[in-house]
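1. From the sequence below, what's the structure:
(chains A and B)
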Amino acid sequence: MSGGVDSSLPLALAVRALGTEKVLAVTAPGAVESEDDGESAATVARLLQVTRRVLALDSLEIPGFAENTPRCVATCAAGSSTPPWRVSVGGSGVLQG
Amino acid sequence: MAEAGFSKDEVREATRHLGLPTSERPASPCLASRFPYGEEITLDALRTVAQAESLLRERGFSILKGQAARPSHGGTGDGPLWAHAQGLDINVRCYPARNLPGQRARFHRRLAPDAAVAQAMASTISLKLSRSFSTRRRIQWRTVSALPSQAAGSYSSW
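-> Now for the predicted structure:
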């Protein structure tokens, strides 16, 4: 979750559906995020009483990201790239806002 | 949420209904979206964009429109990002310094005749940015041009 409106809604819905104990909020801040996003993510997670993990993910290390091609960006925007952090956090499903 | 059939307005409405503090939060798309396709994204460049936008926010601008022109949103793929205040839209985009003169020339050629105020304001911001980032930090990226709001539509795919 970035801390924006799009990712806080699925988080809130997941909490409603599953309960706070079965939901983990994951934030991967990096240079591509605006600076106040992290603060907002923390606020939302606190409000929903969800545990939040902050991962060190460097978008620039995602293959093709730095080249900035339309294909890369479309993939990124559609959220269909393989999230490298899924391996780190486990879980049976990932919601991306 | 888009896959689940939610429009952006519905996402906002739902977050409002749920009492989330993000409901009125402006769109904050990935900073990489400020770069024309094909321009390499580097850490330095991303930091410059973040600082440039902080500077605009300090001057009362808020980032309003994000990726409307991206291919994933049905646009041309060369999508600008807009900041807005006091009746002006500021187009925040990043070009390598070597390309800037050409881009500026193109911008001025297409500037609407009634845009003198916008241009003056843009020049001020541009000057401040280029001083901040070119001389002090020696970063080779700059942003910024400005348009009056009413002319923004004709520049949306620029």
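2. which residues of chain B score low on pLDDT?
-> For chain B, applying pLDDT under 70 flags the ranges B:26-29, B:33-37, B:48-49, B:51-158.
3. Equivalent analysis for chain A, please.
-> In chain A, residues with pLDDT under 70: A:30-35, A:71-90, A:97.
4. Now do the SS call for the closest residue to residue B:18 other than its chain neighbours.
-> Of all residues not flanking residue B:18 in the chain, residue A:12 sits nearest, at 5.1 Å (CB to CB, 6 or more residues apart in numbering or on different chains). (Glycine included, C-beta is placed from N, CA and C.) Judged by DSSP: H, G, I helix; E, B strand; the rest coil, the three-state class of residue A:12 is helix.
5. correct me, but residue A:12 touches residue B:17?
-> No: if you go by CB atoms under 8 Å, residue A:12 and residue B:17 don't touch, sitting 9.9 Å apart.
6. Compare those two and say which is more crowded by neighbours.
-> More crowded of residue A:12 and residue B:17, by other CB atoms under 10 Å in any protein chain shown: residue A:12, with 22 against 11.
7. For that one, list the residues it contacts.
-> The contact partners of residue A:12, by CB atoms under 8 Å, 6 or more residues apart in numbering or on different chains, come to A:44, A:48, B:15, B:18, B:20.
8. quick one: the third one and residue A:11 touch, right?
-> I take that to be residue B:15. No: using CB under 8 Å, residue B:15 is not in contact with residue A:11, being 10.2 Å away.
9. Show me which of these two is the more surrounded one.
-> Taking other CB under 10 Å, residue B:15 and residue A:11 do not tie; residue A:11 has more neighbours (25 against 21).
10. In which helix or strand does residue A:25 reside?
-> strand A:24-27 (DSSP states H and E).
11. CA atoms only for that strand - export them in CSV, please.
-> The C-alpha trace of strand A:24-27 is given here as CSV (Å, rounded to 0.1, in the frame of the first residue of the first chain):
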residue,chain,number,x,y,z
LEU,A,24,-0.8,-7.5,6.6
ALA,A,25,-0.2,-4.1,5.0
VAL,A,26,3.0,-4.0,3.0
THR,A,27,4.6,-0.8,1.9
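12. quick one: is it near chain B?
-> No: judged by CB under 8 Å from any CB of the partner chain, strand A:24-27 and chain B are separated, with a smallest distance of 12.8 Å.
13. Can you list the helices and strands that that strand packs against?
-> helix A:37-47, strand A:51-54 (3 or more CB pairs under 8 Å, 6 or more residues apart in numbering or on different chains; DSSP states H and E).
14. So which of these is nearest residue B:47?
-> When the helices and strands packed on strand A:24-27 are compared by CB to CB, helix A:37-47 sits nearest residue B:47, at 14.9 Å.
15. which residues sit against that closest one?
-> So helix A:37-47 is in contact with A:1-4, A:7-8, A:11-12, A:25, A:27, A:29, A:51-52, A:54, B:20-22, B:25, B:28, going by CB under 8 Å, 6+ apart.
16. Mind doing that once more with 6 Å?
-> A:1-3, A:8, A:25, A:27, A:29, A:52, B:21, B:28 (CB atoms under 6 Å, 6 or more residues apart in numbering or on different chains).
17. Can you lay out the residues you listed as CSV showing neighbour count?
-> Converted to CSV, these look like this (neighbours: other CB atoms under 10 Å in any protein chain shown):
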residue, neighbour count
A:1, 24
A:2, 24
A:3, 26
A:8, 30
A:25, 24
A:27, 23
A:29, 18
A:52, 17
B:21, 14
B:28, 21
